[in-house]
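Visitor: Got a predicted structure here, sequence first:
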Amino acid sequence: MLSSEGIAHFVCVATGYGRNIMPSSDIVTVNAGRLDADGMREYMAEKGFGRDDIVVDATHPYAVEVSENIQKAVQKTGCRIIKVARSSETDAGRCFGTMGDFAAFIDGEEGNILLTTGTNTLDEYCTRVSPQTLERTYVRVIPSKESVDTALSCGIEGSHIIAMQGPFTYDMNRAVFEQFQIRHMLTKESGAAGGFPEKCDAADSLGVSVNVIARPAAGEGVNVFEAYGIITGREYVPKRRIVLAGFGPGRKSSATHDVTDAVCRADAVFGATRLLAGVRAPRKYEMYMAEDIIRVLEENRDIENAVVLFSGDPGFYSGAKSAATKFKKWDSGADVRILSGVSSVSYLAAAAGVTWEDAALVSIHGRNMVRDIDRLIESVKTNGKTFALVSGDSDIRKVAGILYELELPVNVLLGCDLSYENGKIVSMSLKEAMEYENDGIITVLFINDKPVKEKLTPGFDDSDFTRDSVPMTKEVIRHESIRRLDLCKGDIVYDIGGGTGSVAIEAASVDPSLSVTTIERDPKAVKLIKENIEKFGLHNIEVIEGDAADALADLDCPDCVFIGGSGGKLDRIIETLAQKGTGIRFVANAVTLETMDEIRRITGKYNASDVRMVQIAVSDIKAVGDHHMMQAQNPVTIVSFII
């Protein structure tokens, strides 16, 4: 914290190992070596410490003698002492007052013993236990020559010395317990900073007894954030690191090494309940919405490294994208990173021995509206393989039922609880899938042996529509008008004067991402439009009954508009739309000279750009007896422009 503020300071550590993990810099001077009270006085005198300076006692909770020496050393300097105290875990394990007390107890117990209390009291232990107990004792010490030499001199065998830098994760502690068949652990209550919770959790998972040397009585202290505030006079603002991690299908073993490493380094981990089940972290929160997580981070300044778990891969239908945006907006200085994971699709593909490079990928997870189901059905119809994320077994039954009614040659491959011990892959027919029940996590692969080729251009015939006596834009005019709308993915499209709905339906069929609204004032025509929508099975169309000039007022700004009929209110319609935004693409059909003149006047009034006009005259061939005659339709002028 001080370094980040550019505040010069001195750090005293006992050993060369301590110096290695606390590197020097232009503003940090590190002194290595054990100091008694006189040594500390000499050091502070050499550095010119006086009444206006501060000494921070950040020693280990068990280093009582060092704290006493600090008190003695500063008496003559007049420095202010700030004692930093670690949080205490008072209810973990069996408690002993001294190392001698534990030695007397453990001599009468069976099984291997692991000491994680360092080397200061190791000699006391080794001289008090029996040779047999010493033979089953393992010690974990810091990786320094001094520590290893001390352990060897106390009679600990070299194969029983574990020299590693801590603190250690839950998994590492558990691995040590299993490797050396530990039945009893002795530790100091060193708090979260010393990895105490991870030791206890790992021991508890394997039935290893937890034995704790009680903390010596100590005076009041402050936490590191309060110490920073005392020194600087302001609140510490952490440089947060927020990792949005793909956790794979769900089981911890399916997470990548990078994700596992991020979790191990985290101060807190957030995610859905099932993802957190196998995770060990200092703090876990069952939440994944950015707004909820931000509230927790605001209330807990000490959470500097946060990990948010998302199932599968963050780049595949995940909430990670929007979460990243919200976190960056909340804290522009935060380091927000995304780590990839194994998606359930790639997991299922590998387990089933199929490729997914040539498959369609669709999700109706949490989005099973009619139009979402339609998008999946269309994908299954036109692709040999379609992988789908679903919300549950009800989605499977619903989709299978629709596909069965369409008599499509489709088989279903279901991946249930992938990566978990009870996970399985099941192959079934559509009829079997219609009755499928499973409350697990499901990913599905639809295999279509005879996919229908997907049309690349609109091409409905006039005879495809139910028409009755309602006017309809004829197919050649319709196709050219839609082409001139210059439709793009995700466009909002308005069809004014819907008639039979032919233009709206043909436009909606181009791509399911289009949102089409058709407005028609004739109730008879509205009924006909709805019948045609059902006939073509398109649900990205909304039908509004009413006068277009009035109905448009409450609608969003469109991307493009087709005007087939205006009821004599073309100017008012254009005015209403022009007030909603700019860059709207218009296509209007005119069959009279008066309408053509009105369009010309409007394009001038609104300074329209890219004005184009084409007149099309179409003649159909009709059989007359043994002969065929050309039967002309009224010529139609198609005008396109941008306002």
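Guide: Thanks, I have it.

Visitor: Tell me how many other residues crowd Gly158.
Guide: Here the number of neighbours of Gly158 (other Cβ atoms under 10 Å) works out to 8. For the C-beta atoms, the positions are set from N, CA and C on the backbone; glycine is no exception.

Visitor: can you pull the pLDDT of it?
Guide: On the pLDDT scale, Gly158 is placed at 94.

Visitor: Tell me how many other residues surround the residue nearest to it when sequence neighbours are not counted.
Guide: Counting by Cβ to Cβ, 6 or more residues apart in numbering, Leu152 is the residue found nearest to Gly158 once chain neighbours are left out, at 6.7 Å. The local packing of Leu152 (other Cβ under 10 Å) involves 12 other residues.

Visitor: helix or strand for Leu152, which one?
Guide: Per DSSP states H and E: Leu152 is located in helix 145-153.

Visitor: Give me the contact list for that helix.
Guide: Defining contact as Cβ atoms under 8 Å, 6 or more residues apart in numbering, one finds that helix 145-153 is touched by Thr15, Gly16, Tyr17, Gly118, Thr119, Leu122, Asp123, Val139, Val141, Gly158, Ile161, Ala163.

Visitor: can you rerun that using 6 Å?
Guide: Residues outside helix 145-153 that contact it (Cβ atoms under 6 Å, 6 or more residues apart in numbering): Thr119, Val139, Val141, Ile161, Ala163.

Visitor: tell me the contacts of the first one?
Guide: In this case it means Thr119. Val141, Ser147, Thr150.

Visitor: between the residues you listed, which is nearest Phe460?
Guide: For the contacts of Thr119, the residue nearest Phe460 by Cβ to Cβ is Val141; the value is 79.7 Å.

Visitor: Next one, pLDDT for the closest one please.
Guide: For Val141, the pLDDT comes out at 94.

Visitor: next one: Val380
Guide: Looking at Val380, its pLDDT is 95.

Visitor: Do I have it right that it meets Asp374?
Guide: No: contact criterion Cβ atoms under 6 Å: Val380 and Asp374 do not qualify, at 10.8 Å.

Visitor: more crowded one of those two?
Guide: A count of neighbours by other Cβ under 10 Å puts Val380 above the other of Val380 and Asp374, at 26 against 16.

Visitor: where's that one, which helix or strand?
Guide: helix 370-382.

Visitor: residues of that helix that come out buried?
Guide: For helix 370-382, burial by neighbour count (16 or more other Cβ atoms under 10 Å) applies to Arg371, Asp372, Ile373, Asp374, Arg375, Leu376, Ile377, Glu378, Ser379, Val380, Lys381.

Visitor: same check, this time on stretch 35-52
Guide: Within stretch 35-52, the residues scored as buried using 16+ other Cβ under 10 Å are Leu35, Ala37, Met40, Arg41, Tyr43, Met44, Phe49.

Visitor: So the residue nearest to Glu109 when sequence neighbours are not counted: helix, strand or coil?
Guide: Spatially, and ignoring its direct neighbours in sequence, Glu109 is nearest to His184 (6.2 Å; Cβ to Cβ, 6+ apart). When classified by DSSP: H, G, I helix; E, B strand; the rest coil, His184 comes out as strand.

Visitor: isn't His184 right up against Ile113?
Guide: Yes: counting by Cβ under 6 Å, Ile113 is a contact partner of His184 at 4.7 Å.

Visitor: More neighbours: which of the two?
Guide: Taking other Cβ under 10 Å, His184 and Ile113 do not tie; Ile113 has more neighbours (25 against 22).

Visitor: can I assume that one sits in a helix?
Guide: No: looking at Ile113 with three-state DSSP, it is strand, so not inside a helix.

Visitor: Can you verify my assumption that it contacts Ile182?
Guide: No: here Ile113 lies out of contact with Ile182, judged by Cβ under 6 Å, at a distance of 7.1 Å.

Visitor: Count the residues that sit near Gly625.
Guide: Neighbour tally, Gly625, other Cβ under 10 Å: 6.

Visitor: Then the one 10 residues further on?
Guide: Residues within reach of Pro635, counting by other Cβ under 10 Å, total 12.

Visitor: What of the one 5 residues further on?
Guide: Other residues within reach of Ser640 by the criterion other Cβ under 10 Å amount to 22.

Visitor: picking that back up, ok, and the most crowded of the contacts of Thr119?
Guide: Tallying neighbours with other Cβ under 10 Å puts Val141 at the head of these, with 23 neighbours.

Visitor: Phi first, then psi, for that one.
Guide: When read as degrees, to the nearest 10, the backbone of Val141 gives phi -130, psi 170.

Visitor: For it, give me its contacts.
Guide: Applying Cβ under 6 Å, 6+ apart, the residues contacting Val141 are Thr119, Ser147, Ala151, Ala163.

Visitor: Common neighbours of Ile113 and Ile182, please.
Guide: Common neighbours of Ile113 and Ile182 are not found (criterion: Cβ under 6 Å, 6+ apart).

Visitor: before we move on, the earlier item: just list whatever residues bridge to the residue nearest to Glu109.
Guide: With DSSP bridges as the criterion, His184 is bridged to Ile113, Ser209.

Visitor: quick one, domains of the chain?
Guide: By the assignment in automatic domain parsing, the chain contains the domains 3-83, 94-213, 237-342, 354-448, 462-642.

Visitor: Dump these to JSON lines, plus distance to Glu226.
Guide: JSON lines is the format used below for the domains of the chain (distance: least, Cβ to Cβ, whole Å):
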{"stretch": "domain 3-83", "distance to Glu226": "9"}
{"stretch": "domain 94-213", "distance to Glu226": "15"}
{"stretch": "domain 237-342", "distance to Glu226": "11"}
{"stretch": "domain 354-448", "distance to Glu226": "43"}
{"stretch": "domain 462-642", "distance to Glu226": "52"}
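
Visitor: Quick check: which of those is nearest to Tyr228?
Guide: Tyr228 sits nearest to domain 3-83 of all these, at 8.6 Å, using Cβ to Cβ.

Visitor: my read: Val55 touches Lys83, true?
Guide: No: between Val55 and Lys83 there is no contact under Cβ under 6 Å: 9.7 Å.

Visitor: how much space between Gly501 and Asp372?
Guide: Taking Cβ to Cβ, to the nearest Å as the measure, Gly501 and Asp372 are separated by 22 Å.

Visitor: my bad, Arg521
Guide: Distance, Arg521 to Asp372, using Cβ to Cβ: 31 Å.

Visitor: quick one, strands of the stretch 251-400 of the chain?
Guide: With strands called from DSSP state E, counting those that start in this stretch, the stretch 251-400 of the chain shows them at 268-271, 284-286, 305-310, 335-339, 360-363, 385-389.

Visitor: ok, now the stretch 401-550 of the chain?
Guide: Under DSSP E, counting those that start in this stretch, the stretch 401-550 of the chain gives strands at 410-416, 424-429, 442-448, 492-496, 515-520, 541-545.

Visitor: So for Arg467, which of those strands sits nearest?
Guide: Taking the strands of the stretch 401-550 of the chain one by one with Cβ to Cβ, strand 515-520 is closest: 13.9 Å.
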